Every structure is written in structure tokens, then in C-alpha cells.
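K.L.:
Sequence first, then the predicted structure:
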Amino acid sequence: MDEPLPEKGPLRVLIADDSDSDRLILQAMVKRLGHDVVAAEDGFAAVEQYRVFHPHIVLLDVMMPRMDGMEAAHEIKALAGEVLVPVIFLTSLSDAGALARCLESGGDDFLPKPYNRIIIEAKINAFNRMRLMHRTLSHQRDLIHARNWQLLQEQEVAKRVFDNVAHTGCLNASNIQHHASPTSIFNGDVLFACPRPSGGMHILIGDFTGHGLPAAIGAMPVAEIFYGMTSKGFGCGDVLREINQKLKRILPTGMFCCAAFIEADFHLNCLRVWNGGLPDGYLIRGNGEREILTSNHLPLGVLSPERFAAAVDYYRTEPGDTLLFATDGILEAENADGEMFGQDRLLEALDSAEEHGSAFDAVMAGVRAFTGAHLVQDDLTIVALEMVEEEALVGLDNRTPPSALRGPASWDCSYSISDRTLGHFNPLPLLLHICMEVPGLRRRSGEVYTLLSELYTNALEHGILGLPSDWKSSPEGFGRYYAERERRLASLRGHRIEFTLHHRTSRDGGELRIVCEDSGPGFDYKDLLGPDEAQARYAGRGLGLLRQLSVSLDFKGAGNQVEVLYQWDYSEPRSQG
């Protein structure tokens, strides 16, 4: 035990020597130096005196009865624990082996007989400085340990909040494989996945500059925007622009997020991919062929909103195709010799995908075999998305909490957009938000969004732009369809689309009537009832879904006005599969 003492002042010194004369002489010398002294006639008494006196420095004769100095030193050091109590042996020994055994038993130095007052004073002062330094370091260590424990507890609490915000969404879907090995509780890598109300999903994989808590701070606003906007039906371009604007505003200079954003449509069997600064992604076809998805954009948080480009690359897919993206932790994973895994080894791993069962398993097996037991120095995140039939993904959980607000029961709303607004603004999230103000409808967001989306898409792409659906039946036509869509939108003038919504509640639920009217030339909707239904403007999945989800579907006017009646109750929503 060692209570705090000023650096200057008397010390408590224990002297143990079986020679009465030597003990008295040394005791007198130490007292003249201003210190408090207690004496013992042998090692056993010295240990007992230590228990009571708690000296700062111990002077022990080597050769004593009952318990010699070496054994007493061992006992005293054990009693002192982590407190530094210098033990100086009093000896006339000159044998090197005997002196070494004294040090091994716990001694710190020797004081030769006969005693020299100057040497005694110098040694006591030197060991006192050492003792005070050790005490200071121990105190600072304990403070650091306590502070570190406090920080870890705070980080654990923060991580629970972080995980509730930046959760994994639908990464547990059967067609997704993923792995994340952070180097700390918080890390710079992010991986989010969220179902879209109209079907399909969004996936974001990213890597913030740096590691640990500073690198993870940006993940929370990214997660809020990603999950919030995706759940409300915003497309990848809108989500990307919002995330970039947020990061540009809040991140310090030199900090950004390399990311890839994937929008998967399992009905149309297509992918929309935006890569800003991540390593190449790979689209692995069912026949083993690979397409490289390179980075065509700067990372998120670098460019100002007016300079940011959210243009995506379109890829036509088939069930069984796999998309794979990873952060640079894969390429930079090191083995014990300091070599990096690198691009060549990644490609070799992909070549062995068939024997491992999947591209994901092949890459993970390659990295583990290469690094062995060597500690991975970087955050390592990888995700693989398999394209599947839409029916295989039913009931995905995006963990989006319902609103606590009470909404209106009966209401009417009209909303119209026209001219250039049709080309650069998506009204569906706003319309969905209006409908979701009704508490009972919040659990039906997917069905309501599908109705709104099919009505709006058909009104815009087929009713106004005049795009034929059969273009999307081939990879070449798919690309042509969206290229022509962008071209026609850019020159769109003099057109409008108007939605009129009516909602009424009943005891068991309610009904939502949606009327969508476009300014296009219309079509002969009577053909919908004939044998050539597949050639009609509203043909295909859109018409089938509208009929499946609604109580009634009516075309009016020249065919450019469609009315659906949707009824809901408080039971579980129907599957759209």
C-alpha cells in the first residue's frame, strides 16, 4: 500500500540486519538524512514489519537467520504487488552468482559494507525518484485504463444506436451473400439493403476514408437517407443526389465515401448500377462470362450538388446471374509477408467460382487462404447479389418503423405535373407519402406504391412518350428503350399527368380510388378485352398487377384516363408474387 505523498519529505525505510552493530549504524545514518526508520533483526521480522509499516524503501542484509534476505525480498515484492518498493541488499558478497540470485529474488540494487553515508544518500534519493516516477506512471495508466473503459462503454451504447439506424435491412434475403470484417467497433465500410415498395431492392456498399469512429460518423446520415428514401419509393438517382449533398455539407475536406449503388429489378430482370470510386464490380453471367463494372464517377461527398452526376449503367440480366462488389479491403488484404491479395488473385478466385459453389464463396476462400492467420489491417466488406425470379422474394423485411402519427380518415387530393417537370421529377414518393398518412394504409405501402407506379409509368412512357414495351424483350432493345426514354424526356413540352386520389374509411378498413389522366393521344382500350390484349398500351405485367390489386379497373375518355379502386382491411397485406 502506498498512499499519496509529496515528492519531498521523509521516507519510511525498513532496515533488516541480524548484526546489531551494523543495523544501528545504518539506522543512525538514515535517520540523519531525515527519514523515518523501523528495524528488524531477521528476514521473518522484516516481512512482518513490512505488513505493518508499509515502508517506501527496504534495506535487507543477505545472510540472516530464520529467513534470509533473498526469501524476505521475494515475500515483500509479492506483498507490494504493483507498487514499486525498492529493495537494496546489504552485503559484503563479491561472488557474481550470489549477487545475481539476489537480483532474481526481487532485489533492485546492492549497498556494500562497510557503509558510506554519501552512497547511502545517493541510492535512497535515486530509488525514491524511481519510486515516484513508477507511482506517477501507474496512476496515469490507471486513469488511461478507466478512460478507455468508459470510452468502450460509450462506444458500445453508440453502436447499439448506430446499428438501429444503419441496420442491415434485407441483407438476410436468400439471394444475397455478404461479409463484413471491421477493424474496430465502428468502421469506415457500410453495407445497406432495402426493399423497394414496387418490388426489387436497393443495395449500397461504401467505404469512407479512414477507420474507426471518425470514418463511421458519415454512415448514420447515409443510412437514414438510404432507408428513408428507398422505403418511400425514390429511385436510385434521387437517393444518390440526396446522400451526396448531405456528405458534401457535413464531411470535412478530404473525407468522402467511395460507393456503389445497385437498383435491382427482379421483374424486368435488370440492374441499374452507379459506381463512384469503389474497385471494379463484376456481373457474372450464368454461362460463366464476366462483365466488369468500372467506376465512372467520383466518390460521394466530393462534388457539389450542381456538378454531381447520378447517371446509372443499365444491365439486362437473367435469373442466376450474380453481381459482386467489394471494398478495397479485399484487394489490400495482406499475408504474413506483407503481400497484398490484389486484382490478379481476385480474378483467379472468380475463375474457381464453380468449384466453390458461388463467386462469393470463391473470393472469401481465396482471401482466407492467402491471409491465413494474419490480422486483416483494413475494413473488408463484400456483397454478392443473385438475380432470381420475383416470386422467390416475398415478404422481405426492411425494418422501416411505422409512423407514430395519426392520419386523416377521409380525404381528396389532386396533383398535376407538366412539361419539363415530367422529365426530372418523380411524383410517386410524394403521392405515396400522402397515402401513408392513413394509419391503416401504412402496412400496404408496397401495394399502394405498385398501383401508383404502374399507372404513372404507363401514362408517361407509353401514353405520352409512346415507347413500345416489346423493345424491352431483348438486351439490345432494353438499352434502346431507356436511351430513347431519356432523349424524348429531354424535349418534352406541352404534356401533363394528373392524379386524383379519394380515400374513405370503413369499420374494417377503407378504400382508395385513384384516377390517373395523361395528355397523350390515348388508344382504343376496347382492345384490352379482345384476343390482341398483349399488344395494347397497358399490356403486360402492369395491367395484370392493376387488376390483381384493385377491385375494379376502368378506362375512360380516349383511353388516357384510368381509374382503379383499391380496398383494404386490417389483415395481412397480399403477396404480389
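P.N.:
Right, received. Where do you want to start? Numbers count the residues shown, from 1 in each chain.
K.L.:
the helices in the stretch 451-577 of the chain, which residues?
P.N.:
For the stretch 451-577 of the chain, applying DSSP state H, counting those that start in this stretch gives helices covering 475-490, 541-549.
K.L.:
buried residues in the shortest one?
P.N.:
So the one you mean is helix 541-549. Under the neighbour-count criterion of 16 or more other C-beta atoms under 10 Å, helix 541-549 has 542-543, 545-546, 549 buried. To be clear about C-beta, it is placed using only N, CA and C from the backbone, and glycine gets the same treatment.
K.L.:
Cross-check the contact I'm expecting between residue 246 and residue 220.
P.N.:
No: look at residue 246 against residue 220 with C-beta atoms under 8 Å: they stay out of range, at 10.4 Å.
K.L.:
Compare neighbour counts for these two and give me the winner.
P.N.:
Neighbours were counted for residue 246 and for residue 220 using other C-beta atoms under 10 Å; residue 246 has more, 18 against 15.
K.L.:
Roughly how far does that one sit from residue 265?
P.N.:
26 Å (C-beta to C-beta, to the nearest Å).
K.L.:
repeat for residue 197
P.N.:
From residue 197 to residue 265 the distance is 13 Å (C-beta to C-beta).
K.L.:
what's the answer for residue 490, then?
P.N.:
From residue 490 to residue 265 the distance is 23 Å (C-beta to C-beta).
K.L.:
When those two are compared, which one has more neighbours?
P.N.:
Just comparing residue 490 and residue 265: by other C-beta under 10 Å the higher neighbour count belongs to residue 265, 17 against 10.
K.L.:
residue contacts, that one?
P.N.:
For residue 265, the residues meeting the contact criterion (C-beta atoms under 8 Å, 6 or more residues apart in numbering) are 199-200, 271-272.
K.L.:
before we move on, what about residue 565?
P.N.:
Contacts of residue 565 (C-beta under 8 Å, 6+ apart): 511-513, 550-552.
K.L.:
Switch the residues you listed over to TSV; also include pLDDT.
P.N.:
Below are the contacts of residue 565 laid out as TSV (pLDDT from 0 to 100):
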residue	pLDDT
511	92
512	94
513	95
550	91
551	92
552	92
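K.L.:
Show the buried residues in those.
P.N.:
Counted by 16+ other C-beta under 10 Å, the contacts of residue 565 give 512-513, 550 as buried.
K.L.:
Next step: those residues restricted to strands.
P.N.:
Mapping the buried ones among the contacts of residue 565 onto strands (DSSP state E) picks out 512-513.
K.L.:
any idea which of the buried ones among the contacts of residue 565 is closest to residue 348?
P.N.:
Distance to residue 348 across these (C-beta to C-beta) is lowest for residue 550, with 52.7 Å.
K.L.:
List the buried residues of stretch 57-72.
P.N.:
57-64, 67-72.
K.L.:
Counting only strands, which of these make the cut?
P.N.:
57-61.
K.L.:
So which of those residues is the closest to residue 155?
P.N.:
For those, the residue nearest residue 155 by C-beta to C-beta is residue 57; the value is 42.4 Å.
K.L.:
PyMOL command for the buried members of the contacts of residue 265?
P.N.:
Under the burial definition 16+ other C-beta under 10 Å, those of those that qualify are selected in PyMOL by:
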select buried, resi 199+200+271+272
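K.L.:
Name the nearest of the contacts of residue 265 relative to residue 504.
P.N.:
Taking these together and measuring to residue 504 by C-beta to C-beta, the closest member is residue 199, at 27.5 Å.
K.L.:
Could you check the pLDDT of the closest one?
P.N.:
Per-residue confidence (pLDDT) for residue 199: 81.
K.L.:
tell me the pLDDT at residue 481?
P.N.:
86.
K.L.:
Find the nearest non-adjacent residue to it, please.
P.N.:
Nearest non-adjacent residue to residue 481, counting by C-beta to C-beta, 6 or more residues apart in numbering: residue 471, 4.2 Å away.
K.L.:
Quick check: pLDDT value at that neighbour.
P.N.:
82.
K.L.:
Residue 182 too?
P.N.:
67.
K.L.:
same question, the one 4 residues further on
P.N.:
In the predicted model, residue 186 carries a pLDDT score of 66.
K.L.:
what's the answer for residue 356, then?
P.N.:
Taking residue 356 on its own, its pLDDT is 88.
K.L.:
if we can go back for a sec, mind putting the contacts of residue 265 into CSV with secondary structure and distance to residue 436?
P.N.:
Formatted as CSV, the contacts of residue 265 follow (DSSP: H, G, I helix; E, B strand; the rest coil; distance: C-beta to C-beta, whole Å):
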residue, secondary structure, distance to residue 436
199, coil, 17
200, coil, 19
271, strand, 28
272, strand, 25
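K.L.:
Which of the contacts of residue 265 sits closest to residue 569?
P.N.:
Using C-beta to C-beta, the contacts of residue 265 come closest to residue 569 at residue 199, 22.3 Å.
K.L.:
is it true that the closest one touches residue 449?
P.N.:
No: contact criterion C-beta under 8 Å: residue 199 and residue 449 do not qualify, at 9.1 Å.
K.L.:
who touches the residue most central in space within the chain in this structure?
P.N.:
With distances taken as C-alpha atoms, centre = their mean, residue 190 lies nearest the centre of the chain, 4.1 Å away. Counting by C-beta under 8 Å, 6+ apart, residue 190 touches 166, 204-208, 219, 222-223, 257, 259, 381.
K.L.:
average model confidence for stretch 308-325?
P.N.:
For stretch 308-325, mean pLDDT is 94.
K.L.:
picking up where we left off before, cross the contacts of residue 190 against helices and list the overlap.
P.N.:
Counted as lying in helices by DSSP state H, out of those, are 219, 222-223.
K.L.:
Let's see the helix or strand residue 75 falls within as CSV, backbone CA atoms only.
P.N.:
Element membership of residue 75, judged by DSSP states H and E, is helix 69-80. Taking C-alpha atoms only, helix 69-80 is exported to CSV below (Å, rounded to 0.1, in the frame of the first residue of the first chain):
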residue,chain,number,x,y,z
GLY,A,69,17.3,-11.6,2.7
MET,A,70,16.5,-13.2,-0.7
GLU,A,71,13.5,-15.1,0.6
ALA,A,72,12.4,-11.9,2.5
ALA,A,73,12.7,-9.9,-0.7
HIS,A,74,10.6,-12.3,-2.6
GLU,A,75,7.8,-12.1,0.1
ILE,A,76,8.0,-8.3,0.3
LYS,A,77,7.7,-7.9,-3.5
ALA,A,78,4.7,-10.2,-3.5
LEU,A,79,3.0,-8.2,-0.8
ALA,A,80,3.8,-4.9,-2.6
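K.L.:
After it, heading C-terminal, what element do we hit next?
P.N.:
Counting by DSSP H and E, what follows helix 69-80 is strand 87-91.
K.L.:
got a list of contacts for that following strand?
P.N.:
For strand 87-91, contacts defined as C-beta under 8 Å, 6+ apart pick out 17, 22, 26, 57-63, 69, 73, 76-77, 99, 102, 106-113, 123, 127.
K.L.:
Stretch 467-487 too?
P.N.:
By C-beta under 8 Å, 6+ apart, stretch 467-487 touches 268, 270, 314, 316, 461-462, 465, 488, 539-540.
K.L.:
need these in TSV with distance to residue 147, can you?
P.N.:
Shown next, in TSV, are the contacts of stretch 467-487 (distance: C-beta to C-beta, whole Å):
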residue	distance to residue 147
268	55
270	53
314	53
316	56
461	60
462	65
465	63
488	63
539	68
540	64
